[in-house]
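Student: mind folding the following:
(2 chains)
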Amino acid sequence: MALLHAAGSKVSSLKEKRSLLPYLLLAPGILWLFAFFILPIVNLAQTSTQTPLANGDTGSYEQTFRFANYIDAFVDNKEQFSRSFIYAFLATALALAIAYPLAYGIAFKSGKYKNLLLVLVVAPFFTSFLLRTIAWKQILGEEGPVISVFRGLHIIGQNTSLTASAFAVVTGLTYNFLPFMTLPLYASLERIDPRTMEAAGDLYANAFTTFRKVTLPLSLPGVVAGTLLTFIPAAGDYVNAAILGNPNTKMLGNVIESRFFKIVDYPTAAALSFTLMTAILVLVTIYIRKAGTEELV
Amino acid sequence: MADASSSTRGDLRIVNVTKSFGDFNAVDDLTLTIPEGSFFALLGPSGCGKTTTLRMVAGLEEPTQGSIHIGSTDITHTRPYQRPVNTVFQNYALFPHLSIYENIAFGLRRRGIKDVKEAVNKVLNLVELPHLAERKPVQLSGGQQQRIALARAIVNRPALLLLDEPLGALDLKLRRQMQIELKWIQTEVGITFVHVTHDQEEAMTMADTIAVMNEGKVEQMGTPADLYDNPKTAFVANFLGQSNLIEGRIEGNDGDNFVVDVFGQKIKINKNRSHAKDSSVLAGIRPEKIRIQPAGTAMSGNVLTGGVISDASYIGVSTQFQVEMPWKQELMVFEQNDDGVAPLEKGDAVTLSWEPIFTFALDGREDAFAGSEVHADEE
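Tutor: Predicted coordinates:
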């Protein structure tokens, strides 16, 4: 009897261990997020409502819960704010237009070159983001190949340059985030059973209708994932605008950067960061609702 | 396009069609006529060219040579969506993002038919799944998906319905049930069904006519009974059920029969059932046609003596015996257990006999095992 009892308690302690296991597995991630995401966010939130100390040095602030900081920050930077979203939107649209045919080709038409092409898509990640952006400046520069083609085709005038322009910033963003668009698109296209496309052809749909009614809807999860992965970092980016732009192409990221590191205006920088984060969250939520990805398999 | 399916009717004719992949001929100079309204099966082991043939009829592959016609219309070079042909795919290939209703309506809508409701509901009733109209394909069982795939195809009333191993993914019991159902639906809608399978039992259960394919060619075509009772090649004899093929030599005539010597014993073979090219033959007899008795029992018909039972397996409806003959060949005998368990055991000396009419003769130079190994691979 005692033996049975002991055996019983052993079983129950094993069960307890089992139920703890998921939490143990989650613990490193949760700790990490707590230390490097939750705490900084709280800190940032506190900073965003501070005001300068009356007689303090530059960069010393006290907590006064001045929520008007948000309004001031927004009103002063409306232009950069909307520019961030316009550029991010353009870059996302361009990246989608370039990446969809690319991903489609890799998924269905590349045969034995599939893996090679996928490696090439990821290859830019082997060099630093900064270096790639600087290289893009070279490509668009006076010595580069693009400008001579554009001038030759009279797309731009002989004295117009491509660098230090909105064009350079948007194409830079497109180029830098293209793999984030391509890979999810590829993953969702690759999952499509080619026989469903054959079935569409069999059921009187021509190539275009097959694409519109079968391929495109089935690849929507990839479109949603890709556009989010491109749009979100592009909206907050400041490297492209800093390297490829001019003072009139500044994005919100550049403002936050200079407020933090040059002007040491922490409250405004923090308020802008929060506003940007909220705006992106709202936009993304609306987008996911509209796209209705939960409906898709 | 909308009237393509109504104007093009008639027999399917495949004329001298060859399909090559590199220097391999998947289909080799195939000529076949499939009568309108029939349930036709293309039967063969994997790699015999049956699926390639089907895909060429569907328009998913283009023949390297030859032509394909429906009635008087040449469809060889038309696109899949221009053909009055619909396919039930092996894995069903239902559209995962569309409801069952929209899956079925797909073909009708593409042909510009606005009012699809009546047709869709009618075909849903035919496959007895009207309550699933709003579900998505993933929410259905394999058997239900199979029926929806069928419904999605026949709702278009094609001249020709192609079925590519349609029951391959179902379990045995469901497969049996669907075989009967498919046959019933075919009779009901009257569309020509062309059915590709490697399962001989499935082909025999459903089809009016079977073409047995091997290595890109048709080995033999006929009704199930015809193919089973009177196979022309060793491949057909072994692929459709099991056969005992015994080497022999035609020694003379006896009325409608040849007299054949098999290892010193004489048997008779009806001349109508002989496909021998000369005197060298393979005498064929199906295992269930053979009677088995203890040695010394007087028996009529074709009689072979000197057998010893090397193995006996009781499998319920029948007992399967392996009988070793004096020339060291093992013959298979299926004995119905209609008198209870047969009183014969391993090691017993036996005499085998059968009615001469059940014997068939094949060309003696054929490989007696052709078609028997491929079966083992498939199952």
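
Student: so which bits of the stretch 51-200 of chain A are right by chain B?
Tutor: A:193, A:195-196, A:198-200 (Cβ under 8 Å from any Cβ of the partner chain). In short, each C-beta sits where N, CA and C put it, glycine included.

Student: quick one: name the residues of chain B near chain A.
Tutor: B:1, B:58-60, B:79-81, B:85-87, B:89-91, B:93-97, B:106-107, B:110-111, B:136, B:138, B:152-153, B:156.

Student: from these, which ones fall inside strands?
Tutor: Under the assignment DSSP state E, the residues of chain B next to chain A contribute B:85-87 to strands.

Student: and the residue of the stretch 1-150 of chain A that's closest to chain B?
Tutor: A:Gly111 (14.2 Å; Cβ to the nearest Cβ).

Student: what about that residue, neighbour count?
Tutor: 6 (other Cβ atoms under 10 Å in any protein chain shown).

Student: now swap in B:Phe263 and tell me
Tutor: B:Phe263: 15 neighbours (other Cβ under 10 Å).

Student: cool, the one 3 residues further on as well?
Tutor: Counted with other Cβ under 10 Å, the burial measure for B:Lys266 works out to 15 neighbours.

Student: what sits closest to A:Lys250 if chain neighbours are left out?
Tutor: A:Gln80 (5.2 Å; Cβ to Cβ, 6 or more residues apart in numbering or on different chains).

Student: quick check on the one you found: phi, psi?
Tutor: Backbone torsions of A:Gln80, given as degrees, to the nearest 10, read phi -70, psi -30.

Student: that one touches A:Asn248, doesn't it?
Tutor: No: with contact defined as Cβ atoms under 8 Å, A:Gln80 does not count as touching A:Asn248 (10.2 Å).

Student: quick one: which of these two has more around it?
Tutor: Just comparing A:Gln80 and A:Asn248: by other Cβ under 10 Å the higher neighbour count belongs to A:Gln80, 18 against 10.

Student: now do the SS call for residue 184.
Tutor: Looking at chain A here, since you left the chain open. helix (DSSP: H, G, I helix; E, B strand; the rest coil).

Student: try again with chain B
Tutor: Look at B:Trp184: counting by three-state DSSP, its state is helix.

Student: for B:Asn16, same thing?
Tutor: B:Asn16 - assigned by three-state DSSP - is strand.

Student: measure it to chain A for me?
Tutor: Distance of B:Asn16 to chain A, given as Cβ to the nearest Cβ, to the nearest Å: 25 Å.

Student: okay, now residue 114: neighbour count?
Tutor: Defaulting to chain A. When neighbours are counted by other Cβ under 10 Å, A:Lys114 comes out with 16.

Student: hmm, I had chain B in mind actually
Tutor: By other Cβ under 10 Å, neighbour count at B:Lys114 equals 7.

Student: would it count as being in a strand?
Tutor: No: read with three-state DSSP, B:Lys114 is coil and lies in no strand.

Student: ramachandran angles for it?
Tutor: When read as degrees, to the nearest 10, the backbone of B:Lys114 gives phi -80, psi -50.

Student: mind listing what it touches?
Tutor: Contacts for B:Lys114 were tallied using Cβ atoms under 8 Å, 6 or more residues apart in numbering or on different chains; there are none.

Student: got the confidence number for it?
Tutor: Looking at B:Lys114, its pLDDT stands at 88.

Student: equivalent analysis for A:Met251, please.
Tutor: pLDDT, A:Met251: 94.

Student: biggest separation within the residues of the stretch 51-200 of chain A next to chain B, which pair?
Tutor: A:Asp193 and A:Ala200 (11.3 Å; Cβ to Cβ).

Student: tell me which of the two has more neighbours.
Tutor: Neighbours around A:Asp193 and A:Ala200, counted as other Cβ under 10 Å, are more numerous at A:Ala200. The numbers are 26 against 16.

Student: helices or strands up against the strand or helix carrying the more buried one?
Tutor: Per DSSP states H and E, A:Ala200 falls inside helix A:194-202. If you count contacts as 3 or more Cβ pairs under 8 Å, 6 or more residues apart in numbering or on different chains; DSSP states H and E, helix A:194-202 packs onto helix A:207-210, strand B:85-88.

Student: next structured bit after the single longest strand found in chain B?
Tutor: Counting by DSSP E, the longest strand found in chain B is strand B:302-314. Downstream of strand B:302-314, the first helix or strand assigned by DSSP H and E is strand B:318-324.

Student: which SSE is immediately downstream of that following strand?
Tutor: For strand B:318-324, the succeeding helix or strand toward the C-terminus, using DSSP H and E, is strand B:330-336.

Student: show residues contacting that following strand.
Tutor: Applying Cβ under 8 Å, 6+ apart, the contact partners of strand B:330-336 are B:242, B:244, B:246, B:287-288, B:290-292, B:304, B:307, B:310, B:317-325, B:342, B:352.

Student: any stretches of chain B with poor pLDDT?
Tutor: B:1-8, B:340-342, B:373-379 (pLDDT under 70).

Student: how is it divided into domains?
Tutor: Following automatic domain parsing, chain B resolves into domains at B:4-229, B:234-378.

Student: ranges for the helices of the stretch 1-150 of chain B?
Tutor: B:4-7, B:50-58, B:100-110, B:117-126, B:142-154 (DSSP state H, counting those that start in this stretch).

Student: the stretch 51-200 of chain A: strands as residue ranges?
Tutor: A:61-63 (DSSP state E, counting those that start in this stretch).

Student: how about the helices in it?
Tutor: Here the stretch 51-200 of chain A has its helices, by DSSP H, counting those that start in this stretch, at A:68-76, A:78-104, A:114-122, A:129-140, A:145-152, A:166-190, A:194-202.

Student: ok, which of the ones you listed comes nearest A:Pro52?
Tutor: Nearest of the helices of the stretch 51-200 of chain A (Cβ to Cβ): helix A:68-76, 11.1 Å.

Student: give me the three-state assignment for B:Arg249.
Tutor: Classified using three-state DSSP, B:Arg249 is strand.

Student: what is it paired to in the beta sheet?
Tutor: Beta-bridge partners recorded for B:Arg249 (DSSP bridges): B:Asp261, B:Ser280.

Student: and the helices of the stretch 51-200 of chain A, which one is worst for confidence?
Tutor: Looking at those, the lowest mean pLDDT belongs to helix A:145-152 (a mean of 86).

Student: just name the most buried of the domains of chain B.
Tutor: Ranked by mean neighbour count under mean count of other Cβ atoms under 10 Å in any protein chain shown, the domains of chain B are led by domain B:4-229, which reaches a mean of 19.

Student: pull the distance from that domain to the chain's centre.
Tutor: Offset of domain B:4-229 from its chain centre (Cα atoms, centre = their mean, to the nearest Å): 14 Å.

Student: stretch A:208-221 now?
Tutor: 24 Å.

Student: is chain B contacted by it?
Tutor: Yes: with Cβ under 8 Å from any Cβ as the measure, stretch A:208-221 is seen reaching chain B through A:209, A:213-214, A:217-218.

Student: and A:Pro9, what's its pLDDT?
Tutor: Let me fix one detail, which is that residue A:9 is Ser and not Pro. At A:Ser9, pLDDT is 56.

Student: also A:Phe211?
Tutor: pLDDT, read off for A:Phe211, is 95.

Student: gap between it and A:Gly222?
Tutor: Distance of A:Phe211 to A:Gly222, computed by Cβ to Cβ, to the nearest Å: 14 Å.

Student: how about the nearest residue to residue 191, chain neighbours excluded?
Tutor: Here I'm looking at chain A. Using Cβ to Cβ, 6+ apart, the closest residue to A:Arg191 is A:Leu218 (8.0 Å).

Student: should've been chain B
Tutor: Nearest one to B:Ile191, counting by Cβ to Cβ, 6+ apart, is B:Leu161 at 5.1 Å.
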